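Q: would you be able to build a 3D model of this:
(one chain, ligands or ions: 1)
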Amino acid sequence: MSNPNRRPSDRRGSSFSRRDSIDPRKLVPMDKMTHISGTDDFNVVFVGAGNIMFGSDEGPWNHSFRFEHKLGRRLKVIALIDPATERAKEVLRKKCDSFVISAYENTRVYKNFDEFHKNLPKSLRPRAFVVGSPPMFRGTLQSGRDIETLILKHYPGVALFIEKPIATGPVEEIEEGFKIAKQIEDTKTICSIGYMLRYLKAVQMMKHIIEENNLTVMTTIARYACAYEAIAKPDWWDKSKSAGPVIEQGTHFCDLSRYFGGEVDIDTVMAHSLEWNENAGQLSAMKVDESKIPPENRIPRVTSATWKYDSGAVGTFTHVVALQGTNYSCELEVYADGYCLRLVDPYVQPVLYVRKPGDDHEQTYRFNNDDPFFSEVSNLIDVIEDIEEDPEAACILSTYEDAVKTYQLTWAIRQASERSRAAKLKKAAV
Ligand SMILES: NC(=O)c1ccc[n+]([C@@H]2O[C@H](COP(=O)([O-])OP(=O)(O)OC[C@H]3O[C@@H](n4cnc5c(N)ncnc54)[C@H](O)[C@@H]3O)[C@@H](O)[C@H]2O)c1
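A: Predicted structure coming up:
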């Protein structure tokens, strides 16, 4: 039943949404969920046939798998757009060899959006575009990197899911991201961005504690240490391709910091880095031949930043490229008067430690079988389907505009660290 008091935009991922949290009890694991009702086809277009869409050894992501579980036999992937058409055909072959064949047996492969738009039979209307192409090919208004605008123009009213970060182009292009956000807002298009950590039960519990106790966040302290040995993509190590590890990867924790701390005063961002050519920055287990990357494009090993939020609170974030093996070591602490909420290991086995007034000891909460990738997809589809059994129903936690602000913060951190480095080198030269 629809709630007559709710504005249509409340859950849709537009920036004037009033709700920005979900009751953690409503985040149902994939194996406890029954397929949503209905028999009609749910047509989806996948943009990108890579790891995020079809999975890889690098992590638990795999959007196609979550769409299959959420929609069951209703899922019809009507098109897969990827310039690497052989890769696209190969993933489809695998799907068609499995029990999910009904979703993929009629999938058409197109090498770009133009070809897709010209050739898609008019009888097939998508309900959603899932965009998992590399960010260097999107997030702008420029031809060839403007898929968001093309979708909004040719498929008005069709929902969007877009992977993080929203772009990785030059810093001057951030304004184009805000223009895209405005188009999405003005057309009231349902749009969700892939900051899936927001959908963790642990994160929602943190929100719940803050809201329930009417707390004001004083500081967010985030640390993201990746396991670099497992990162074998040469582009990731090249700032001219990935924009660097803070923008490409640390973005998840900058986003979570903003989720708790609010708007950042971008002018206050300060940062330092440990660079690849400094003594302390030598790595012994890199799988990539860094000598093939021009020196000026090689990534820092450590980036550490602080900033002020508009609320007055202070944010700090450190990204570290130091661990070997495969597991990352990531933690976020959020402090408020009397409280410390400490989120540990959100990628693998999230644990939340809570210290409250009246007790010097932390309480520990574990969240087994939590799948934020599924919750992200599940909430998006419920919003598209307008399933609204109660006011606590599904909602989108990351809007396009909000994601542009996270992108802006990560760029500000990179630029601040480069400024500090340049100043140090200048001082050393005199
Ligand atoms: N949320 C997460 O935890 C998470 C995890 C992995 C990847 N990602 C994000 O997903 C995105 C894709 O990453 P990936 O690991 O799948 O990369 P990938 O390199 O494995 O796959 C990207 C695919 O996109 C294709 N492609 C290139 N240009 C294209 C274009 N213009 N249109 C359509 N397809 C195009 C490539 O041919 C390739 O098949 C990135 O933004 C990445 O940050 C997010």
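
Q: please determine how far the closest residue to the ligand within the chain is located from R414.
A: Residue nearest to the ligand within the chain: G50 (1.7 Å; Cβ to the nearest ligand atom). For every residue, glycine as well, the C-beta is placed using N, CA and C. G50 sits at a distance of 24 Å from R414 (criterion: Cβ to Cβ, to the nearest Å).

Q: the two: which is more packed in?
A: Ranked by neighbour count (other Cβ atoms under 10 Å), G50 and R414 place R414 first, with 24 against 17.

Q: dump the helix or strand bottoming out on mean pLDDT in the chain to PDB, keeping only the CA atoms.
A: Ranked by mean pLDDT, DSSP states H and E, the weakest helix or strand in the chain is helix 239-242, scoring a mean of 94. Output of helix 239-242 as PDB, limited to C-alpha atoms (Å, rounded to 0.1, in the frame of the first residue of the first chain):
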ATOM      1  CA  LYS A 239      47.200   7.900 -11.800                       C
ATOM      2  CA  SER A 240      46.500   8.900 -15.400                       C
ATOM      3  CA  LYS A 241      44.200   5.900 -15.800                       C
ATOM      4  CA  SER A 242      42.600   5.300 -12.300                       C
END
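
Q: and the residue of the chain closest to the ligand, what does it touch?
A: If you count contacts by Cβ atoms under 8 Å, 6 or more residues apart in numbering, G50 has them with D82, R87, G132, S133, P134.

Q: what subset of those residues is buried?
A: D82, R87, G132, S133 (16 or more other Cβ atoms under 10 Å).

Q: confirm that the second one sits in a strand.
A: The reference is to R87. No: if the criterion is DSSP: H, G, I helix; E, B strand; the rest coil, then R87 is helix and not within a strand.

Q: does it touch A49 like I think?
A: Yes: counting by Cβ atoms under 8 Å, R87 does reach A49; the two are 5.2 Å apart.

Q: bridging residues for R366?
A: Listed beta-bridge partners, R366: V351 (assigned using DSSP bridges).

Q: end to end, how far does stretch 193-213 reach?
A: Start-to-end span of stretch 193-213 (Cα to Cα, to the nearest Å) is 29 Å.

Q: for that stretch, what is the distance to the chain centroid?
A: 14 Å (Cα atoms, centre = their mean, to the nearest Å).

Q: quick check: mean pLDDT of it?
A: Averaging pLDDT along stretch 193-213 gives 98.

Q: check stretch 77-96 too.
A: For stretch 77-96, the mean confidence score works out to 98.

Q: buried residues in it?
A: Per 16+ other Cβ under 10 Å, stretch 77-96 contains these buried residues: V77, I78, A79, L80, I81, D82, R87, A88, V91, L92, K95.

Q: confirm the last one sits in a helix?
A: Yes: counting by three-state DSSP, K95 falls inside a helix.

Q: so it is in contact with S102, correct?
A: No: between K95 and S102 there is no contact under Cβ under 8 Å: 10.0 Å.

Q: how many neighbours does E68 have?
A: E68: 22 surrounding residues under other Cβ under 10 Å.

Q: tell me which helix or strand it sits in.
A: helix 63-71 (DSSP states H and E).

Q: where do the helices sit along this protein?
A: In the chain, the segments counted as helices under DSSP state H are 51-54, 63-71, 85-96, 101-104, 113-119, 147-154, 174-186, 201-212, 239-242, 245, 251-261, 372-385, 400-429.

Q: which residues touch the third one?
A: For helix 85-96, the surrounding residues in contact (Cβ under 8 Å, 6+ apart) are 49-50, 53-54, 64, 80, 82, 101, 103-105, 107, 109, 111.

Q: how about the residues of this structure by the ligand?
A: 47-52, 61, 81-84, 87, 132-135, 137, 163-164, 194, 196 (Cβ under 6 Å from any ligand atom).

Q: what about 5 Å?
A: 47-52, 61, 82, 84, 87, 132-133, 135, 137, 163, 194 (Cβ under 5 Å from any ligand atom).

Q: contacting residues around W307?
A: Counting by Cβ under 8 Å, 6+ apart, W307 has contacts V264, D265, I266, T268, V269, M270, V314, G315, T316, L409, A412.

Q: redo that, cut-off 10 Å
A: With contact taken as Cβ atoms under 10 Å, 6 or more residues apart in numbering, W307 is in contact with 220, 254, 257, 261, 264-271, 313-317, 409, 412-413, 416.

Q: count the neighbours of the closest residue to it other than its chain neighbours for me.
A: The spatial neighbour of W307 that comes closest, neighbours along the chain excluded (Cβ to Cβ, 6 or more residues apart in numbering), is V269 at 4.5 Å. When neighbours are counted by other Cβ under 10 Å, V269 registers 23.
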